[in-house]
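Enquirer: Dropping the sequence and predicted coords here.
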Amino acid sequence: MKILITGASSGIGAELARHYDQENNHLILLARDKERLKNLQNTLTCKSEIIAVDITDFAILQEKIKEIGSVDMVILNAGISIGHSLEVTPFDDFKRLYDTNLLSNHAILEPLLPKFKEQKSGTIVFISSLASLISMPSSVAYSSSKRALNAYAEGIAYKYKPHGIDVITILPGFIDTPLTQKNSFSMPFLMTLEEGTKKIVKAIEKKKRVYAFPLRFYILIKLLATLPYFLRQSVVDSLYK
């Protein structure tokens with residue numbers, strides 16, 4: 001199986017690469033940090049190649065994707081956070097986050113989707129976040145980018161299901177990665193990288209259309225989201241006192 005993984009140099013992306021390091025797989029590892037990609041590649045036994053590119057340089061990114069040709073599965077894992085703050089997010093930071101978390105996915109899929117359609121098969125995995133389900137005051141940019149990603153993934157799923165293409169959206173909670181290690185607050189239900197990745201892999205194997213975890217955290221967020229607005233506002237206010 002030919003698998004493209006973005007954001008593959010560390011965290012979930014690197015751990016997924018290690019999981020799919022199997023004899024009959026061909027891994028294409030994409031990230032900005034060439035040195036980290038090489039170090040990861042040196043630990044793998046299966047056929048692999050690396051693509052070192054800034055995922056927000058869309059013109060070069062698309063050139064690289066076109067060179068790949070067709071794949072069997074793409075795991076769109078690349079994502080960034082600009083931290084948590086109640087201050088207004090500077091526009092440049094906001095744009096960089098949206099370019100990475102949302103627009104890069106379409107830049108990659110634009111050349112890949114016709115290939116999937118032609119071969120009448122393929123799997124597209126979007127790594128979103130439980131943070132997409134409710135937008136907290138300190139993470140407006142991140143949460144909204146991931147919610148937009150959910151909407152994009154939903155439309156792609158409807159559009160390409162008749163062509164034999166599976167679309168899977170993963171909504172993890174807090175997983176111990178370089179991304180979350182920057183957080184200065186207590187993270188509820190924090191999972192190890194290995195535990196979180198195993199859950200992602202299992203959801204992919206089962207072709208879950210949408211998979212949110214951990215379950216307890218997901219239920220709490222859904223309960224909060226269903227409260228009347230004034231009650232939700234009171235709960236959110238209490239969290240930021």
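Expert: Received, thanks.
Enquirer: What sits closest to the most centrally placed residue in the chain if chain neighbours are left out?
Expert: The residue lying closest to the centre of the chain (Cα atoms, centre = their mean) is Ile127, at 2.4 Å. Nearest residue to Ile127, sequence neighbours excluded (Cβ to Cβ, 6 or more residues apart in numbering): Asn77, at 4.5 Å. C-beta: built from backbone N, CA, C; applies to glycine.
Enquirer: which residues sit in contact with that neighbour?
Expert: The contact partners of Asn77, taken as Cβ atoms under 8 Å, 6 or more residues apart in numbering, are 5-8, 12-13, 16, 125, 127.
Enquirer: what do you get for Leu102?
Expert: 145, 148-149, 152.
Enquirer: centre of the chain versus the longest strand along the chain, how much separation?
Expert: With DSSP state E setting the assignment, residue counts place strand 165-172 as the longest strand in the chain. For strand 165-172, the distance from its own C-alpha centre to the chain's C-alpha centre is 9 Å (Cα atoms, centre = their mean, to the nearest Å).
Enquirer: before we move on, back to that, ok, now how distant is the residue nearest to the centre of the chain from Val71?
Expert: 16 Å (Cβ to Cβ, to the nearest Å).
Enquirer: Give me the neighbour count for Lys120.
Expert: For Lys120, the tally of surrounding residues (other Cβ atoms under 10 Å) stands at 10.
Enquirer: and it, how far is that from Pro111?
Expert: Taking Cβ to Cβ, one finds Lys120 at 17 Å from Pro111.
Enquirer: still on that earlier bit, which strand residues bridge the residue nearest to the centre of the chain?
Expert: Note on Ile127: beta-bridge partners by DSSP bridges are Ile170.
Enquirer: That one and Lys222, how far apart?
Expert: 20 Å.
Enquirer: what's the answer for Ile82, then?
Expert: Distance from Ile82 to Lys222, by Cβ to Cβ: 26 Å.
Enquirer: Among these two, which residue is more densely surrounded?
Expert: Each of Ile82 and Lys222 had its neighbours counted (other Cβ under 10 Å), and the higher figure belongs to Ile82 (16 against 13).
Enquirer: So what does that one look like in phi/psi?
Expert: phi -110, psi 20 (degrees, to the nearest 10).
Enquirer: wait, it sits on Asp92?
Expert: No: between Ile82 and Asp92 there is no contact under Cβ atoms under 8 Å: 10.1 Å.
Enquirer: can you give me the strands in the chain?
Expert: 2-6, 26-31, 47-52, 73-76, 122-127, 165-172, 210-213.
Enquirer: how much space is there between the spatially closest residue to Ala148 that is not a sequence neighbour and Phe217?
Expert: Leaving aside its sequence neighbours, Ala148 sits nearest to Leu102 (Cβ to Cβ, 6+ apart; 5.3 Å). As judged by Cβ to Cβ, Leu102 and Phe217 stand 23 Å apart.
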